[in-house]
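Student: this one's sequence-less:
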């Protein structure tokens, strides 16, 4: 179809699965937390609950990003 290349350029499909987006979000959060904790000389092992909460929020954010990108891609396919 002629409309597919343009819709892929406007809103490309997500490159990975929902699980991949969630894992990348969690790993990014823990790396950021480790960098901040190292700068302020904090011990993250004493704050397990906040660290786990931040990782869960980051995973949920990654999953939400995947859903939004998928919806935008499908909407671009339908409208073109």
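Tutor: Yep, that arrived. Treat the numbers as computed from the prediction; the structure is a model and nothing was measured.
Student: contacting residues for the residue nearest the centre of the chain?
Tutor: In the chain, the centroid-proximal residue (C-alpha atoms, centre = their mean) is residue 62; its distance is 2.3 Å. Residue 62 makes contacts with 21-26, as judged by C-beta atoms under 8 Å, 6 or more residues apart in numbering. The way it works is simple: take the backbone N, C-alpha and C, and place the C-beta from them, glycine included.
Student: Quick one, which of these are buried?
Tutor: Listed as buried from the contacts of residue 62 are 21-22, 24-26; burial here means 16 or more other C-beta atoms under 10 Å.
Student: Okay, and which of these map to strands?
Tutor: Nothing among the buried ones among the contacts of residue 62 maps onto strands, per DSSP state E.
Student: What's the mean pLDDT across the longest helix belonging to the chain?
Tutor: Looking across the chain with DSSP state H, the single longest helix is helix 48-79. Averaged across helix 48-79, the pLDDT comes to 94.
Student: next one: that helix to chain centre, how far?
Tutor: Here the centre of helix 48-79 is set off from its chain's centre by 5 Å, with C-alpha atoms, centre = their mean, to the nearest Å.
Student: buried set for that helix?
Tutor: Applying 16+ other C-beta under 10 Å to helix 48-79 flags 51, 54-55, 58-59, 61-63, 65-66, 69, 72-73, 76-77 as buried.
Student: Residue 16: which of those is nearest?
Tutor: Within these, proximity to residue 16 (C-beta to C-beta) peaks at residue 66, which comes in at 7.6 Å.
Student: which residues does the closest one contact?
Tutor: Per C-beta under 8 Å, 6+ apart, neighbours of residue 66: 14, 16-18, 21.
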